[in-house]
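In: Okay, sequence plus prediction incoming.
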Amino acid sequence: MILEQKGVVLYKDASTNKGGVTSSSCEVFAALALSDDQFSRLMAVPDVKNIPTFYKEYVQTVIERIEADATREFECIHREHLRTGLPRYILTDHVSNNINHLVKKINDSTLYNDVKLRNKVLRRAISPRLLEEQPLENVLERVPEAYLRAIFATHIASRYVYGNGTASNEFSFYNFMNNLQLAEH
């Protein structure tokens, strides 16, 4: 608080460490989605001079996702700061709380049961490079449903909050979901 009052722009660790959380979860997800043989062949790096092409490409997609999510988080907090005047470290909590609240609401709903919507969201949330190697149908069979539900709900909730801010309402969520369902791929 004192630093912000002195003009220091401060982002909390909850915002700045999401890249580490994302990279870890993407690594775990690859291990769940790929067969043991695929994971060993595509992701294992027994010789750093001979890194599998898939591994390099998958890592690149994870980096791109982290960069895009960091940009979304920054832009949301920045907009909220301009709108409310609240310090960014407080807005980090507001953004995270709104995402978590919406994740719970989505998990308590029947949205995941809409197969077309579920598949659309998962195709957006999962690395396209991984889906080239392991089609979504196989991923749905291999990955525990609870993990898939978490990805589904978190993807929707984070995209909604990042795009609409912390003061949004049920009608804007309805519009967001309607646009999501109508969007190509």
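Out: Done, it's in. Residues are numbered from 1 along each chain as shown.
In: counting contacts, what elements does whichever strand or helix holds R41 pack onto?
Out: Secondary structure assignment for R41, by DSSP states H and E: helix 36-42. Helix 36-42 is packed against helix 53-84, with contacts defined by 3 or more C-beta pairs under 8 Å, 6 or more residues apart in numbering; DSSP states H and E. All C-beta atoms are positioned from the backbone trio N, CA, C, and that covers glycine.
In: After the helix it packs on, which helix or strand is next? Please name it.
Out: By DSSP H and E, the next helix or strand past helix 53-84 is helix 88-108.
In: Name the surrounding residues that touch that following helix.
Out: 1, 4, 9-12, 14-15, 73, 76-78, 80-81, 84, 86, 112, 149-150, 152-154, 156-158, 160-162, 166, 173 (C-beta atoms under 8 Å, 6 or more residues apart in numbering).
In: So which of these are in helices?
Out: Among the contacts of helix 88-108, the members found in helices (DSSP state H) are 4, 14-15, 73, 76-78, 80-81, 84, 149-150, 152-154, 156-158, 160-162, 173.
In: Mark which of the residues you listed are buried, thanks.
Out: Neighbour-count burial (16 or more other C-beta atoms under 10 Å) applied to those gives 15, 73, 76-77, 80-81, 149, 152-154, 156-158, 160-162, 173.
In: Could you give the separation of stretch 137-156 from the chain centroid?
Out: 12 Å (C-alpha atoms, centre = their mean, to the nearest Å).
In: send the alpha carbons of that stretch over as PDB?
Out: Output of stretch 137-156 as PDB, limited to C-alpha atoms (Å, rounded to 0.1, in the frame of the first residue of the first chain):
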ATOM      1  CA  GLU A 137     -11.600 -37.700 -28.400                       C
ATOM      2  CA  ASN A 138      -8.600 -39.600 -27.100                       C
ATOM      3  CA  VAL A 139      -7.900 -36.800 -24.500                       C
ATOM      4  CA  LEU A 140     -11.500 -37.100 -23.300                       C
ATOM      5  CA  GLU A 141     -10.900 -40.900 -22.700                       C
ATOM      6  CA  ARG A 142      -7.500 -40.500 -21.100                       C
ATOM      7  CA  VAL A 143      -7.800 -37.500 -18.800                       C
ATOM      8  CA  PRO A 144      -9.900 -37.700 -15.700                       C
ATOM      9  CA  GLU A 145     -13.200 -35.800 -16.000                       C
ATOM     10  CA  ALA A 146     -12.500 -33.700 -12.900                       C
ATOM     11  CA  TYR A 147      -9.400 -32.400 -14.600                       C
ATOM     12  CA  LEU A 148     -11.200 -31.600 -17.800                       C
ATOM     13  CA  ARG A 149     -14.000 -29.900 -16.000                       C
ATOM     14  CA  ALA A 150     -11.500 -27.700 -14.200                       C
ATOM     15  CA  ILE A 151      -9.900 -26.700 -17.500                       C
ATOM     16  CA  PHE A 152     -13.300 -26.100 -19.000                       C
ATOM     17  CA  ALA A 153     -14.500 -23.900 -16.200                       C
ATOM     18  CA  THR A 154     -11.300 -22.000 -15.700                       C
ATOM     19  CA  HIS A 155     -10.900 -21.200 -19.400                       C
ATOM     20  CA  ILE A 156     -14.400 -19.800 -19.600                       C
END
